[in-house]
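J.: only geometry, no sequence info:
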Ligand SMILES: Nc1ncnc2c1ncn2[C@@H]1O[C@H](COP(=O)(O)OP(=O)(O)OP(=O)(O)O)[C@@H](O)[C@H]1O
C-alpha cells in the first residue's frame, strides 16, 4: 500500500457502567501488517473496548485512537476503518446489494464497489436475495463486505469466525492474512483462542476488564508448560520412582502428569527404579489450556 500503516492505540482506557468497570485502564497497541487477536471469555470487555474505539461508546477516561486520531475525528472514516461489530444488524427485507449500495452512496463511493466487495466475500450468487434468509455465516460475510467497502487501511471485526463452517474459517483466515500482508491493520476479537490461532500473529488477552497478556502468538506458545503423561501397571512403584527422582507431578485418572521435564527423563527415572511403563507421552501443545489459565477461567456471562 506504500504507506506506513495505521497503529491502533488503546491508552489507559476505562469504561464504567454505573460504577462497574467493564474495561479498566487498558493500554495496548495493534500494529499494521499483522493480524491481532483480541481474546477473552464472554463478558471480559472486548465489545465495550471495540465500541469505544469506533466512537459508539464514550470512554470514562483514557482513549482509543487510530494513530492518535479518534474515530469521530477521522476525515474519511469509511476509507480508514472498516468495522463489523454485529452480524445480525442488517434489515432482513433488503438484499445485500441494496444495503451496500446505500452505504456506498452515503460515502460517495462508486455503486459498483458494492458488487465488488460482495464478490470478494463469496456472496456473489446471493447479492439480490433478502438478507432475512441468510445464514449466520452469510451475514458474517456480509458484515465483512460492508467493512471492506471503503478499501480501508484498518479492519476491526468482532467475532468474525463465529457461525462460519470449517471451509468458511479457512477462507476468512486467508483473506485476513492477505489483507495484513498488504500492510493493513487487522484486529479481530474472539472468545476462543483455538478459533483464531491459525490466523493471528499477535494476541492481546483481556479478562474481567483488564489486559492479562500481550505479545506474539509464538510468545504464548513457548510460555507453554512441558508436561508428560506417564502410567504403569504398578502405579505405586511408579509414584515412588517419580518421588525419588524429585519430579513435580499430579495424579490423574489415567496415571500421572509430570511437570517441567522431558519424556526421556521420566522414562529414565522409571527404568532405574525397575518400573515397567505402558504410557510415556508428551502432552499436546496445550495452547488453549494456557489461554484458559491466563484468563483464570474468567467470569463467563
Ligand atoms: N451498556 C452496558 N450497561 C451495563 N453493563 C454493560 C453494558 N455493556 C456491557 N456491560 C457489561 O460490561 C462487561 C463487558 O461486556 P462486553 O460486552 O464488553 O464483553 P465481551 O468481552 O465483549 O463479551 P461478549 O463476548 O459476551 O460480548 C459485561 O459484564 C457486561 O455485562
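T.: Happy to help now that I have it. All values reported here derive from a predicted model rather than from experimental measurement. Numbering: from 1, shown residues only.
J.: What's the biggest helix in the protein, counting residues?
T.: The residue-count maximum for a helix in the chain (DSSP state H) belongs to helix 166-181.
J.: Identify the residues contacting it?
T.: 33-35, 120-122, 137, 140-141, 144, 155, 160-161, 164, 186, 188, 195, 198-199, 201 (Cβ atoms under 8 Å, 6 or more residues apart in numbering). Backbone N, C-alpha and C define where each C-beta goes, glycine included.
J.: does residue 203 have beta-bridge partners, and which?
T.: residue 37, residue 215 (DSSP bridges).
J.: Residue 155 and residue 46: what is the separation?
T.: Distance, residue 155 to residue 46, using Cβ to Cβ, to the nearest Å: 15 Å.
J.: circling back to that earlier point, please flag which of the contacts of helix 166-181 sit within strands.
T.: Among the contacts of helix 166-181, DSSP state E puts 35, 155, 186, 188 in strands.
J.: Distance of the second one relative to residue 13?
T.: Residue 155 is 20 Å from residue 13, where distance means Cβ to Cβ.
J.: what does the third one give?
T.: Counting by Cβ to Cβ, the gap between residue 186 and residue 13 amounts to 20 Å.
J.: what about these two, which has more around it?
T.: Neighbour count, other Cβ atoms under 10 Å: between residue 186 and residue 13, residue 186 has more, with 29 against 24.
J.: Would you confirm that that one contacts residue 36?
T.: Yes - using Cβ atoms under 8 Å, residue 186 is in contact with residue 36, at 6.8 Å.
J.: which residues of the stretch 151-300 of the chain score low on pLDDT?
T.: By pLDDT under 70, the low-scoring segments of the stretch 151-300 of the chain are 221-225, 284-286, 297-300.
J.: Tell me, how many residues neighbour the residue in it that the ligand sits nearest to?
T.: Relative to the ligand, the nearest point of the stretch 151-300 of the chain is residue 191 (5.2 Å; Cβ to the nearest ligand atom). Close neighbours of residue 191, defined as other Cβ under 10 Å, add up to 19.
J.: Now do it against residue 38, distance only.
T.: 10 Å.
J.: repeat for residue 67
T.: Residue 67 is 18 Å from residue 38, by Cβ to Cβ.
J.: So for those two, which residue has more residues nearby?
T.: residue 38 (31 against 17).
J.: Which residues are in contact with that one?
T.: Contacts of residue 38 by Cβ under 8 Å, 6+ apart are 46, 49, 50, 187, 188, 189, 190, 204, 206.
J.: between those residues, which is nearest residue 96?
T.: Nearest to residue 96 among the contacts of residue 38: residue 188, at 21.5 Å, using Cβ to Cβ.
J.: wait, that closest one sits on residue 201?
T.: No - contact criterion Cβ under 8 Å: residue 188 and residue 201 do not qualify, at 11.2 Å.
J.: between the two, who's got more neighbours?
T.: residue 188 (24 against 16).
J.: Quick check, central residue of this structure?
T.: residue 37 (3.4 Å; Cα atoms, centre = their mean).
J.: Per-residue pLDDT of it, please?
T.: Residue-level confidence at residue 37 comes out at 96, pLDDT.
J.: from memory it sits against residue 188, does it?
T.: Yes - look at residue 37 against residue 188 with Cβ under 8 Å: they come within range, at 6.0 Å.
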